[in-house]
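1. Sequence first, then the predicted structure, then my questions.
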Amino acid sequence: MRRFSILKTVMLSGVLALAGAAAHAADLNVGANIGNVPWEFQDESGKTVGFEVDLVTEIAKRLNKSVEFVNIPFNGLFSAVQSGRINMAVSSITITEKRLESVSFAQPYYDSDQSLTVMAAGGIKDLKGMSGKVVGVDTGSTGDMWATNNTAKYSLGEIRRFEGLQPAMLDLAAGRIDGYISDIPALQYYVKDKPEIKVVERIPTGEKYSIMFNKGDPLAKEVNDVITTLKGEGFIAKLHETWFGAKAEDTTSTVKVADMPAAK
């Protein structure tokens, strides 16, 4: 009986090992917070689509590598690239000096700002209307950093943290939060067919999005070079038109080639 159990254990371990290998069979495992419209989300058929999905898929094609997207909460993307669980991460991730101390980025491909989104019927028209109110942010995001740094300036009553746009929007609709501070392109895309929700203020922060890697990973330079090629071919500008319905301005990171960012 015991020998039989040992044999079963060995066989089961082998099956699990093969299953584990199959789960990570792609050349490039890319972490993404799926649900982050229009960057990476599931369409009606359940297929993962979006601006950054199209971009990374094309980059992998140019590198002659297969790619698999792994759904990870935004705040978990940083430890995932540092541990090697994934090769790179996307989710409209802003390049910051602080982040460059522990991870690497390719050159930026999108310029962004923060924004305040509220229920249209709630009467809040701008940040001044958030005095004493509850504001939602995504954990560890630049919206989280902005709200934390400006709590006193705008007399914010409380900051509640979420793992993505969808749960925050559910709480906004239910009245559990009064406003939501996050990246403006995602919110403008989300509310375009939802008149009951409104982006009421653009918050200038001058952010730039890119793909994140483990610190010093040579893959970052390879991907950066491909991005340079794709900008030259107009591929990323075309993605902008596809997902935002507008032409990217020539002065933006979507069109202009830039150096790889480095910590100062």
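-> It's in.

2. contacts, neighbours, all on C-alpha from now
-> Fine.

3. where does the chain have low pLDDT?
-> 1-24 (pLDDT under 70).

4. ok, how many other residues are close to the nearest residue to residue 217 once chain neighbours are set aside?
-> Leaving aside its sequence neighbours, residue 217 sits nearest to residue 104 (CA to CA, 6 or more residues apart in numbering; 7.4 Å). Burial measure for residue 104: 28 neighbouring residues, criterion other CA atoms under 10 Å.

5. tell me the secondary structure for residue 104?
-> Under the three-state scheme (DSSP: H, G, I helix; E, B strand; the rest coil), residue 104 adopts strand.

6. Closest to the centroid, which residue in the protein?
-> With distances taken as CA atoms, centre = their mean, the chain has residue 91 as the residue nearest its mean C-alpha position (1.3 Å).

7. what's the distance between residue 84 and residue 96?
-> 21 Å (CA to CA, to the nearest Å).

8. Comparing the two, which residue is more hemmed in?
-> Between residue 84 and residue 96, counting by other CA under 10 Å, residue 96 is the more crowded of the two (16 against 12).

9. Got phi/psi on that one?
-> phi -130, psi 160 (degrees, to the nearest 10).

10. ok, now which ones touch it?
-> Listed by CA atoms under 8 Å, 6 or more residues apart in numbering, residue 96 has no contact partners.

11. Mind telling me what element the residue nearest to the centre of the chain is part of?
-> strand 88-94 (DSSP states H and E).

12. Run through the strands of this protein in chain order.
-> 28-32, 41-42, 48-49, 67-71, 88-94, 103-105, 110-119, 134-138, 158-162, 179-183, 197-214 (DSSP state E).

13. Of those strands, flag the one that's most buried.
-> Burial of the strands of the chain is given as mean neighbour count (mean count of other CA atoms under 10 Å); strand 179-183 ranks first at a mean of 28.

14. mind giving me the domain split of this protein?
-> What the TED database lists as the domains of the chain is 28-109+210-244, 113-207.

15. Arrange those in a markdown table, one row each, with distance to residue 256 as further columns.
-> Output for the domains of the chain, formatted as a markdown table (distance: least, CA to CA, whole Å):
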| stretch | distance to residue 256 |
| --- | --- |
| domain 28-109+210-244 | 7 |
| domain 113-207 | 15 |
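
16. Between the ones you listed, which one is closest to residue 262.
-> In terms of CA to CA, the element of those nearest to residue 262 is domain 28-109+210-244, at 6.5 Å.

17. Quick one: end-to-end length of the closest one, please.
-> In domain 28-109+210-244, first residue to last residue: 27 Å (CA to CA).

18. cool, and stretch 177-188?
-> Start to finish, the residues bounding stretch 177-188 are 19 Å apart (CA to CA).

19. How far does that stretch sit from its chain's centre?
-> How far stretch 177-188 lies from its chain's middle: 14 Å, per CA atoms, centre = their mean, to the nearest Å.

20. okay, stretch 251-258 in PDB with CA atoms only?
-> The C-alpha trace of stretch 251-258 is given here as PDB (Å, rounded to 0.1, in the frame of the first residue of the first chain):
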ATOM      1  CA  THR A 251       5.300  66.100 -30.200                       C
ATOM      2  CA  THR A 252       4.100  63.200 -28.000                       C
ATOM      3  CA  SER A 253       5.900  60.100 -26.800                       C
ATOM      4  CA  THR A 254       3.600  58.100 -29.100                       C
ATOM      5  CA  VAL A 255       5.400  59.500 -32.100                       C
ATOM      6  CA  LYS A 256       8.800  60.900 -31.000                       C
ATOM      7  CA  VAL A 257      11.700  58.500 -30.400                       C
ATOM      8  CA  ALA A 258      13.200  58.900 -26.900                       C
END
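
21. Report the buried residues of it.
-> Neighbour counts over stretch 251-258 (16 or more other CA atoms under 10 Å) mark 252-257 as buried.
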